[in-house]
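>>> I would like the atomic coordinates for the input below:
(2 chains)
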Protein chains: 2
Amino acid sequence: MADGIKAIVFDTFGTVVDWRGSIISDLASWGVEQGLNVDWADVVDRWRDRYNPQKARVRSGELPWTNLDELHFDALKTVFDEMGLPLLDEARMMHINKVWHRLNGWPDASRGLHRLKTKFIIGPLSNANVAILVNMAKHADLPWDNVFSCELFQHYKPDPETYLGVCKLLYLEPSAVMMCAAHNYDLAAARALGLRAAFIARPNEYGPGQTTDLKAEQDWDYVADDLEDLARRLGC
Amino acid sequence: MADGIKAIVFDTFGTVVDWRGSIISDLASWGVEQGLNVDWADVVDRWRDRYNPQKARVRSGELPWTNLDELHFDALKTVFDEMGLPLLDEARMMHINKVWHRLNGWPDASRGLHRLKTKFIIGPLSNANVAILVNMAKHADLPWDNVFSCELFQHYKPDPETYLGVCKLLYLEPSAVMMCAAHNYDLAAARALGLRAAFIARPNEYGPGQTTDLKAEQDWDYVADDLEDLARRLGC
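Sure thing, here's the model as predicted:
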């Protein structure tokens, strides 16, 4: 079934990196150093809750193209306000905003990607902007062949311009490109355009009590336990 | 002097890969298999001669944006015609055109880049399109953190949009980005915009009798013998 697949692109937040766990851990230890008394789990959950509405405003054209670092910064200030926290100075607010550049991979991520890279072109296909993805790759040892950020296409997933943009840049037919994600909606959008699809469940992405994307909702081309398992299934 | 440099971007053709030697060697052995009697050194020299005039037509706006694979294919057909060679079938013409995806690094390239990657964000900043650069990196083991192709900016070097495009995508000031090239004109364009500059002479890029870019023509920030020497000078 792997016949003809030349490139695999990966959703990153949740699929490759543990954004929630990483942010809580990073900011909790930094917050102690800074003498800040903040519930960082509450911050991150509120922060991420603003992500889909923000993306929707850009996708509908209500907002002009705005990259994720900028959306994050706007949302962060709103979250501080909601929680009754005074804004910190610019340098510290930026340090918090850049926590998305310092996310850790799930335990299987780096090893799995190193194996997949031996046989396929690999890259993120992520709503994160280029700077986030490049810095994250250095931090988490994600050996991408290229960073396919939605910033390059000025469209957020699941807009077709993103999936087809990868195919066009690589001169590959959609059937030669596989999308790998922990989110069924992302795979459905890719499949509708002719790409292949691989699902990996990440049942703790949103923390305890997650109710969505606990399992594959279609007969995806591959359903794997994690990225090392995907590599094994693909003969890497 | 390396203080503050966060990213280094590299010209590729000539600076990182030996395009002329690679193409002659690749096509000469393939040509024998195919029973073709062609002077491949003559082909490559004529082919490359068409590159600057082609770029000039795109940069002036005379041609709409056209990527390098497409410019190469147009030029290749013209070269065959000039040399009185009959065109081959589409598959073989494409095989020849894709030789630019299969270029070998200079002997120091892969090792030097692996060292530089430990301390800096590294990427090509090349007029080649994304597919050429991604395939070339796999072929020649060039461990880029990201591929900054001029295709992303729809401008060819030395247009300012290319150098500044890298800075913008990485959220870096120009002074935090260094251009590395074997061509003085490329470094002059980068320096004029505030980027740093590193020169490496590649006196055999154009084969025997090369007369240009034999040495540094300005006091570039770094002048190194090759990429391993540059890594050493930068403490990698």
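>>> how about low-confidence regions in chain A?
For chain A, residues meeting the criterion pLDDT under 70 lie at A:1-2.
>>> Contact distance from chain B - what residues of it qualify?
A:69, A:121, A:129-131, A:133-134, A:137-138, A:143-147, A:151-152, A:169-171 (CB under 8 Å from any CB of the partner chain). No exception for glycine: its C-beta is placed from N, CA and C like everyone else's.
>>> List the contacts of stretch A:70-89.
A:36, A:38-39, A:42-43, A:46-47, A:50-51, A:54-55, A:58, A:93-94, A:96-97, A:100 (CB atoms under 8 Å, 6 or more residues apart in numbering or on different chains).
>>> change it to 6 Å
With contact meaning CB atoms under 6 Å, 6 or more residues apart in numbering or on different chains, stretch A:70-89 is reached by A:43, A:46-47, A:50, A:54, A:97.
>>> Would you pull up how far it lies from the middle of the chain?
Relative to its chain's centre, stretch A:70-89 lies at 22 Å (CA atoms, centre = their mean, to the nearest Å).
>>> okay, that stretch in PDB with CA atoms only?
Extracted in PDB, the C-alpha atoms of stretch A:70-89 (Å, rounded to 0.1, in the frame of the first residue of the first chain):
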ATOM      1  CA  GLU A  70       0.700  37.000  15.900                       C
ATOM      2  CA  LEU A  71      -2.600  35.200  16.600                       C
ATOM      3  CA  HIS A  72      -1.000  33.600  19.700                       C
ATOM      4  CA  PHE A  73       0.100  37.000  21.000                       C
ATOM      5  CA  ASP A  74      -3.300  38.500  20.600                       C
ATOM      6  CA  ALA A  75      -5.000  35.600  22.300                       C
ATOM      7  CA  LEU A  76      -2.500  35.600  25.100                       C
ATOM      8  CA  LYS A  77      -3.200  39.100  26.100                       C
ATOM      9  CA  THR A  78      -7.000  38.300  26.100                       C
ATOM     10  CA  VAL A  79      -6.400  35.300  28.300                       C
ATOM     11  CA  PHE A  80      -4.500  37.300  30.800                       C
ATOM     12  CA  ASP A  81      -7.300  39.800  30.800                       C
ATOM     13  CA  GLU A  82     -10.000  37.200  31.300                       C
ATOM     14  CA  MET A  83      -8.100  35.700  34.200                       C
ATOM     15  CA  GLY A  84      -7.600  39.000  35.900                       C
ATOM     16  CA  LEU A  85      -3.800  38.800  35.500                       C
ATOM     17  CA  PRO A  86      -1.800  42.000  34.900                       C
ATOM     18  CA  LEU A  87       0.200  42.000  31.600                       C
ATOM     19  CA  LEU A  88       3.900  41.500  32.100                       C
ATOM     20  CA  ASP A  89       6.600  43.600  30.400                       C
END
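>>> so how far is the helix or strand harbouring A:Ile8 from its chain's centroid?
Per DSSP states H and E: A:Ile8 is located in strand A:7-10. Mean-position distance between strand A:7-10 and its chain equals 13 Å (CA atoms, centre = their mean).
>>> what residues does the helix or strand just after that strand touch?
Downstream of strand A:7-10, the first helix or strand assigned by DSSP H and E is helix A:19-33. For helix A:19-33, contacts defined as CB under 6 Å, 6+ apart pick out A:13, A:38, A:40-41, A:44, A:99, A:102-104, A:207.
>>> tell me the angle of the helix or strand following helix A:19-33 relative to helix A:19-33?
Using DSSP H and E, the next helix or strand after helix A:19-33 towards the C-terminus is helix A:40-49. Using axes from the mean of the first three to the mean of the last three CA atoms, to 10 degrees, one finds that helix A:40-49 and helix A:19-33 are set 130 degrees apart in direction.
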